[in-house]
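Participant: I would like the atomic coordinates for the input below:
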Amino acid sequence: MRHVRQSIFVALVTWMMAFSAMGQTTAAPISIPLGVYLVELGDFDTQKKSFTADFWLWGLSPPEYQNWIHTLDYPNSINVVPSQATEQVINNTLWSSIHVSGSFREEWNLQNHPFDKRELLILIEESYLETSKIAFQADAANSNAAEALVPQGWHISNFTISPVSKKYSTAFGDPSKAPNSSSQYSRLEIKIEIKRDSYAVFWKLTAIPYIAAILTFASFFVVFDNILLVSRFSLLIGSLFAACLSLRGLNSELGSADIFTLMDSIHLATLIYVFLGILFAIITRELFKREVPERKILFWNIIIGTASLGVYIAFNFALVWSAINS
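Facilitator: Residues are numbered from 1 along each chain as shown. So this is what the prediction gives:
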């Protein structure tokens, strides 16, 4: 009889533990809807690979989940300053809000600069309770960026917020978990698509190479005597020097020396065109020394200069068209 009582006791304890475990695994996490109102974007720094953002963040939770908004993490931030945090219980719901200002990392893709189309990302993550306890939802109905301030020449073309779950291959030393365990936390992704609405930057960046190309084309008409040929060489060397300085200044300003951008392609095409002008200046000088009629020399210079300029313009048009429509 004693063994029977022990068996019944063990079975009862085992059942209670199993039921308790089942209750823990099936318990639904607390759902917290998060909303975002974007106030301002700025400081698009391509060298430091960052941008700044100013926004309001709010969420609704059960009254017992106080101060959760203070424990939020911003994984892709460089520096964040939360302020003006408030919490208020309304109709048995805790309404929490906070004002956030900070700088965030951004891998600026300058391949099509200055016809940029960028999707800026801000990450907000729960840092204390895992997704089994708290799961973020998106309060998309109340979130927007319609009135956000952006740098001159830009506009916001799309704004979305979406909840995701971030899994880490570590339990961060949690003693309640087995070794080599993983952990999972709820996260909100804010995606802000921005576009340029002005071509002024393009013309500023291409003014020097395009002027160099025009001067190179003009040099094909200088064929008549040695003095003018010297002037032709001087014009071409000056154009080459100006294009090289423009390219160097561009890479220094944008910090894009490790990638090949639209502006690099335009400058390279200009350098090739200038080198072609130098080559035909040398050929023209040799023809002049061999006493080839000036009319014939001028004819072939005009043909080569015009044809090469046509190729140069078509190549530039194709580059810009591709950048705008990519």
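Participant: beta partners of T160?
Facilitator: Note on T160: beta-bridge partners K191, judged by DSSP bridges.
Participant: was I right about it contacting A145?
Facilitator: No - between T160 and A145 there is no contact under CB atoms under 8 Å: 9.7 Å. No exception for glycine: its C-beta is placed from N, CA and C like everyone else's.
Participant: in terms of neighbours, single out the busier of the two.
Facilitator: More neighbours surround A145 than the other of T160 and A145, with 22 against 15 (other CB atoms under 10 Å).
Participant: list the contacts of that one.
Facilitator: Contact analysis of A145 by CB atoms under 8 Å, 6 or more residues apart in numbering lists 37-38, 156, 159, 192.
Participant: just name the closest of these to G102, please.
Facilitator: Closest approach to G102 among those (CB to CB): L38, at 12.9 Å.
Participant: and stretch 71-79, end to end?
Facilitator: Using CA to CA, to the nearest Å, the end-to-end distance of stretch 71-79 comes to 15 Å.
Participant: with stretch 139-149 instead?
Facilitator: Per CA to CA, stretch 139-149 runs 22 Å from first to last residue.
Participant: which parts of that stretch are buried?
Facilitator: The neighbour-count check on stretch 139-149 (16 or more other CB atoms under 10 Å) flags 139, 143, 145, 148 as buried.
Participant: shaky segments in the stretch 201-326 of the chain?
Facilitator: Within the stretch 201-326 of the chain, the segments meeting pLDDT under 70 span 223-229, 255-258.
Participant: can you tell me how far E189 is from A141?
Facilitator: Counting by CB to CB, to the nearest Å, the separation of E189 from A141 is 17 Å.
Participant: and the residue nearest the centre of the protein?
Facilitator: Note on the chain: the residue nearest the mean C-alpha position is W108, at 3.8 Å, using CA atoms, centre = their mean.
Participant: pull the number of nearby residues for the residue lying closest to that residue once chain neighbours are set aside.
Facilitator: Of all residues not flanking W108 in the chain, T46 sits nearest, at 4.5 Å (CB to CB, 6 or more residues apart in numbering). T46 has 18 neighbouring residues, counting by other CB under 10 Å.
Participant: and the pLDDT at T46?
Facilitator: Looking at T46, its pLDDT stands at 82.
Participant: in this structure, which spans are helices?
Facilitator: Using DSSP state H, the helices of the chain run over residues 2-26, 200-219, 226-254, 262-289, 294-325.
Participant: isn't L271 up against S239?
Facilitator: No - in this structure, L271 is not within contact of S239 by CB under 8 Å, at 9.4 Å.
Participant: who has more neighbours, these two?
Facilitator: A direct count of neighbours by other CB under 10 Å for L271 and S239 places S239 higher, at 26 against 18.
Participant: report the contact partners of the more buried one.
Facilitator: S239 is in contact with 211-213, 215-216, 274, 277, counting by CB under 8 Å, 6+ apart.
Participant: next, count neighbours for the closest residue to it other than its chain neighbours.
Facilitator: With sequence-adjacent residues excluded and distances taken as CB to CB, 6+ apart, S239 is closest to A212, at 3.9 Å. A212 has 26 neighbours, counted by other CB under 10 Å.
Participant: what residues are up against A212?
Facilitator: Counting by CB under 8 Å, 6+ apart, A212 touches 239-240, 242-243, 270, 274.
Participant: and D139, by the same measure?
Facilitator: 33-35, 58-60, 161.
Participant: again, only using 6 Å
Facilitator: Going by CB atoms under 6 Å, 6 or more residues apart in numbering, D139 touches 33-35.
Participant: got the contact list for stretch 91-107?
Facilitator: Under CB under 6 Å, 6+ apart, the answer for stretch 91-107 is 49-52, 54-61, 63, 69, 76-88, 120, 122.
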